[in-house]
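**Q** Sequence below, structure please.
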Amino acid sequence: METYADCLALARTELLQADRLIGEDIRTYPTPISGCDAAFNGLLADREKVHRALLALSTEIFVPTPRTPMPQSGIESR
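**A** Alright, predicted model coming up:
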């Protein structure tokens, strides 16, 4: 049975693969590349989306609770 952690690990793996494939497409794109090349600009945009998704998966998120209303509050044990 899959857990959410398995799903997150799979998502990271797939995003890393997408990053490699997009990087290869960018490296092998025919030159010269004009600034208005929609296909190339689309590759750059997709690469940025993948990078942001990977960052979102690896960023710690603070979830406020009544015991820790702010990130600086530390951990209170009761």
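**Q** CA atoms for contacts and neighbours, from now on please.
**A** Fine.
**Q** Please enumerate the helices of this protein.
**A** Taking DSSP state H as the criterion, the chain carries its helices at 4-27, 38-58.
**Q** dump the residue contacts of residue 10.
**A** Contacts for residue 10 (CA atoms under 8 Å, 6 or more residues apart in numbering) come out as none.
**Q** cutoff 10 Å now
**A** Residue 10 makes contact with 4, 16, according to CA atoms under 10 Å, 6 or more residues apart in numbering.
**Q** Nearest spatial neighbour of residue 35, chain-adjacent residues omitted?
**A** Residue nearest to residue 35 in three dimensions, not counting chain neighbours: residue 41, with 8.0 Å by CA to CA, 6 or more residues apart in numbering.
**Q** actually residue 26, not the one I typed
**A** Per CA to CA, 6+ apart, closest to residue 26 is residue 43, 6.9 Å.
**Q** Can you verify my assumption that that neighbour contacts residue 22?
**A** Yes. The criterion here is CA atoms under 10 Å, and residue 43 meets it with residue 22 at 6.6 Å.
**Q** CSV for the helices of the chain, including mean pLDDT and distance to residue 65?
**A** Below are those laid out as CSV (pLDDT from 0 to 100; distance: least, CA to CA, whole Å):
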stretch, mean pLDDT, distance to residue 65
helix 4-27, 97, 22
helix 38-58, 97, 21
